[in-house]
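J.: below is the structure, and that's it, no one-letter string:
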């Protein structure tokens, strides 16, 4: 019977497997993992198969299974993998209480945890030790829910102690919001002076009147007057006395306070407040000289956009506050004297100016609004010297520049500046070209005049004004003529946006001073003539502007430079321009196909739609019009799946036509990857010259050899030679001939089309010259984008880290890609010199300067990361031996500053001039320094902290190359030797270092304020860390954390938008002491 049953069952199986209706089904047992954990916990409770026992200081034993504990906790994983405990069955744990250990082991086996106010304070640090992230988060959430005015200070201290950044931020937010209640608690009176300073220095403290801050300080001091009165000066430095202006009697009473009256420095603060208020009474426009004069700002966002609008149907102007975070706008103070075509600018984010414009007659009048005032209103200021309309306007060093524009009949080239110190306008050097309708950008302490119009012609020329020389200098032209161009400056780059050049433009190009050339970025979704541009929180906001007969006053486009994408938002008052009312009950939808409309109405009622190759081209634009995001996304996804080398150009054109940024990006990515196949298609030969330029100018084009780009250009021109020959110079401008070998260049030079074009012959000549120069001069700075290798890959930049071993005199370098968090060996350094300085020119030439190899060294080596065969080569020696020098790069020159010559600290400085390939001495610092940090900002070189005669320094001074002088600035709050320094978004960061203690604190310096202020601490203390800036973030790498040279081989990333640090990765167990951002080497692509 058994055999028969078996045979029968076997036959049934064969029949089922043959059935066409039998399809695989994926089953998931959702209770499986819970059952496994329950059984493991039962085994542990009964001490079955347990291979580890933990004994705490109170003698209690906790049982467990190593494999389970290792899977749940990185702490246990390390313990049982790499340490002596791996072979033990009994481990003593002194850091944890037995009750806490039992709770956490129970959690590992069950995934459950009960938290109470009695156990949370011991659970969190224990969970930190065991790296149990869920428990850490649960503890933080529990404490966040308990936060109130009576305990927030204690919770803040607890969070700070245990590096709980989210809990720290929540507690500080509550402290700011409920400051008046918090300072009345006993906890506040028990704080240290450092903590009081930290709290009262918050810029976004919610205090209705600044005297409340003063009262809290006096109350804290009087709590223990004998011990605390000497700390009053430090505290009063952060009380904003100048803001106490509405009632002089309050300031008078503050001055009479005995603790203030008996302290000379505090009396200085009172005098400063009197002086500021006196100045305000006689001079409405008074720029704050210190942070004490700036109003505090409390709210969800500290910055909003003040928008200037005008009616298209009446001569009426109005203003609105626009908050990009909430997307809400609110009425702002009205302008009685409405002037069209005025220039707009802001000084110190506080004083808004409307300059010139048209009001019946062309105007030279100026109005100003102080947004910090409790009842802001527009007030007249001194008139300009010259009447101007359609002018350019910019702010540099708190001075307002009115540039060009037009008078009654003609464009102007004269320029004037409003000098705040004398409250008057004066003329400065004129531009080389007359311009009206121009854009103005301020970058690196220079004022750029961009495009515009002269007579009836649009311009593509650009020139900049240097106020130290009172002179204008031309720079590279834009690729297109642009009048009415919007200009924005973000992250050290200048953007020229939209405008008009024979047609209304939506194209955008960007200027990098380091390269000296303009390059294209993603287009906007719509054309914009005379848009307004604002940079805020790492994004560009482009508002309004005109296109043909439409005024897009109801849209704003936002550009994200990290993703190279635009998004468009409409304001709440927007009206569709494709719908017009024709009767009481009938709406006429113009230009809509009836079949497509029926499909979309069916979708609205059913939620279903079938996209085909026949209907997709009709569906996508109409779904855009009706704002049916799901259908729009479905069409884009459908077309993305159809992309191939024969249709990608057509799909790209379709995406551009209908402003589908995601589809446009996908098609362009495909074109870049498959360039060699794409250019062999018929579609490529049918492109316009603008489209060919766009494609061959991609910096991340995947071409193994640049001659392939040249070949495709020649083929495109010859396809219709008669009509295309005049486009050849424009196309050849984007072919990177200098990257070609000399023999190939020679063959290209014989091409008849080039021989007959003087401009093309110039490109060949420049390429040959570059190659010749490279043959005898290793460092040859690319003068144009044509000399820079293309970079194809996930990210166009990586970080080259400099590492050394503490055990052996050996140096290492690695390529580190933050995007993937991966590392790869970089070219080795044969001559290992510790305590060297590092710098990079043009993200291509990396220098190692000085250092120690037996003795202090003058030697310098350099690496060209653009070469396929990387190796370090020696350069010209310095004039002075320097160990632990500061190294910085300014205007493509290497500066070696201070250091040690073997026995003594140095204050001398020298510069390596690439043009002469020689070192020369420049002015010495005022202070001897070694182990300092160097930052470059606004065309100046900052020497920060360091060591002098075995003493740590907190002093800072900067070098101005145009004057060859050093000037001291505000000191840091603490001394810092071997401090890491980074410069991001116009701010200098001083990171970690040593001053008797290993530091994890960070402070920032804003030249506009002239003071240092603290930001969030790092997770780890770091002495001699490497610092690099990439994509709007700070990367801090390596360093040592204690006197026994314990390595901090991790990387921390700082986001200035959130004021938070994240630990990115662990290194390879070697000390990282430097890092520079470089172009991605070709072999990493």
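T.: Sure, I can see it. On a predicted model such as this, the values are computed, not experimentally measured, just so you know.

J.: all contacts plus neighbour counts: C-alpha atoms, from now on.
T.: Will do.

J.: mind listing the strands for the stretch 51-200 of the chain?
T.: For the stretch 51-200 of the chain, the strands defined by DSSP state E, counting those that start in this stretch occupy 52-56, 61-64, 90-93.

J.: format these as a markdown table; extra columns: distance to residue 863 and mean pLDDT.
T.: A markdown table is the format used below for the strands of the stretch 51-200 of the chain (distance: least, C-alpha to C-alpha, whole Å; pLDDT from 0 to 100):
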| stretch | distance to residue 863 | mean pLDDT |
| --- | --- | --- |
| strand 52-56 | 52 | 92 |
| strand 61-64 | 53 | 94 |
| strand 90-93 | 50 | 90 |
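
J.: can I get the ones you listed in CSV with distance to residue 937?
T.: Written out in CSV, the entries for the strands of the stretch 51-200 of the chain read as follows (distance: least, C-alpha to C-alpha, whole Å):
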stretch, distance to residue 937
strand 52-56, 54
strand 61-64, 57
strand 90-93, 50
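
J.: got a list of what the residue nearest to residue 324 when sequence neighbours are not counted touches?
T.: Once its chain neighbours are removed from consideration, residue 324 has its nearest residue in residue 304; the separation is 7.0 Å (C-alpha to C-alpha, 6 or more residues apart in numbering). Residues in contact with residue 304 (C-alpha atoms under 8 Å, 6 or more residues apart in numbering) are 321, 322, 323, 324.

J.: and the first one, that one's in a strand?
T.: Yes: the assignment for residue 321 (DSSP: H, G, I helix; E, B strand; the rest coil) places it in a strand.

J.: ok, what's across the strand from it?
T.: Partner residues in beta bridges with residue 321: residue 306, residue 330, with DSSP bridges as the criterion.

J.: my read: it touches residue 333, true?
T.: No: counting by C-alpha atoms under 8 Å, residue 321 sits too far from residue 333 to count as a contact (9.3 Å).

J.: if we can go back for a sec, nearest to residue 743 among the contacts of residue 304?
T.: Residue 743 lies nearest to residue 324 out of these, by C-alpha to C-alpha, at 55.4 Å.

J.: that closest one: neighbouring residues, count only.
T.: By the measure other C-alpha atoms under 10 Å, the count of residues near residue 324 is 17.

J.: distance of residue 437 relative to residue 340?
T.: Counting by C-alpha to C-alpha, to the nearest Å, the separation of residue 437 from residue 340 is 13 Å.

J.: so which of those two has more stuff around it?
T.: Taking residue 437 and residue 340 together and counting by other C-alpha under 10 Å, residue 437 has the greater number of neighbours (29 against 20).

J.: quick check, the more buried one in contact with residue 393.
T.: No: between residue 437 and residue 393 no contact is recorded; they are 10.6 Å apart, counting by C-alpha under 8 Å.

J.: related to what we said a few turns ago, any idea how far the residue nearest to residue 324 is from residue 536?
T.: For residue 304, the distance to residue 536 (C-alpha to C-alpha) stands at 9 Å.

J.: ok, now residue 971?
T.: Separation of residue 971 from residue 536 (C-alpha to C-alpha) stands at 29 Å.

J.: who has more neighbours out of the two?
T.: Counted by other C-alpha under 10 Å, residue 971 and residue 536 do not tie: residue 971 has more neighbours, with 18 against 13.

J.: against residue 943, how distant is that one?
T.: 11 Å.

J.: ok, residue 920 next?
T.: With distances defined as C-alpha to C-alpha, the gap from residue 920 to residue 943 amounts to 19 Å.

J.: who has more neighbours, these two?
T.: Applying other C-alpha under 10 Å to residue 920 and residue 943 shows that residue 943 carries more neighbours, namely 28 against 12.

J.: that one touches residue 956, doesn't it?
T.: Yes: the pair residue 943 and residue 956 qualifies as a contact (C-alpha under 8 Å) at a distance of 5.7 Å.

J.: low-confidence stretches in the stretch 451-600 of the chain?
T.: Low-confidence segments of the stretch 451-600 of the chain, defined by pLDDT under 70, are located at 548-554, 570-592.

J.: show me where it has its helices.
T.: Listed in chain order, the helices of the stretch 451-600 of the chain (DSSP state H, counting those that start in this stretch) span residues 594-606.

J.: where do the helices sit along the stretch 751-900 of the chain?
T.: If DSSP H, counting those that start in this stretch is used as the criterion, the helices of the stretch 751-900 of the chain fall at 752-755, 758-776.

J.: tabulate those (JSON lines), appending mean neighbour count, mean pLDDT and distance to residue 488.
T.: Conversion of the helices of the stretch 751-900 of the chain to JSON lines gives the following (neighbours: other C-alpha atoms under 10 Å; pLDDT from 0 to 100; distance: least, C-alpha to C-alpha, whole Å):
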{"stretch": "helix 752-755", "mean neighbour count": "15", "mean pLDDT": "90", "distance to residue 488": "37"}
{"stretch": "helix 758-776", "mean neighbour count": "16", "mean pLDDT": "83", "distance to residue 488": "31"}
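
J.: dump these into TSV; add distance to residue 158 as well.
T.: Formatted as TSV, the helices of the stretch 751-900 of the chain follow (distance: least, C-alpha to C-alpha, whole Å):
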stretch	distance to residue 158
helix 752-755	72
helix 758-776	59
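
J.: can you pull the contacts of residue 500?
T.: If you count contacts by C-alpha under 8 Å, 6+ apart, residue 500 has them with 458, 481, 482, 483, 484, 485, 529.

J.: any idea which of those residues has the most stuff around it?
T.: Taking other C-alpha under 10 Å to define a neighbour, the member of those with the most is residue 482, carrying 32 neighbours.

J.: residues contacting it?
T.: Counting by C-alpha under 8 Å, 6+ apart, residue 482 makes contact with 451, 452, 453, 458, 459, 460, 498, 499, 500, 501.

J.: one more: residue 177?
T.: Contact criterion C-alpha under 8 Å, 6+ apart gives 205, 206 as the residues in contact with residue 177.

J.: how close does it get to residue 973?
T.: Counting by C-alpha to C-alpha, the gap from residue 177 to residue 973 is 26 Å.

J.: isn't residue 989 up against residue 982?
T.: Yes: taking contact to mean C-alpha under 8 Å, the distance of 5.2 Å between residue 989 and residue 982 places them in contact.

J.: the more surrounded of these two?
T.: The residue with the greater number of neighbours, taking residue 989 and residue 982 and applying other C-alpha under 10 Å, is residue 989; the counts read 26 against 22.

J.: tell me the SS of that one?
T.: Under three-state DSSP, residue 989 falls in the strand class.

J.: assign a three-state SS to the closest residue to it other than its chain neighbours, would you?
T.: On the basis of C-alpha to C-alpha, 6+ apart, the spatially nearest residue to residue 989 that is not a chain neighbour turns out to be residue 1004, at 4.5 Å. At residue 1004, secondary structure determined by three-state DSSP is strand.

J.: residues touching residue 1004, list them.
T.: Applying C-alpha under 8 Å, 6+ apart, we find residue 1004 in contact with 987, 988, 989, 990, 1012, 1013, 1014, 1015.
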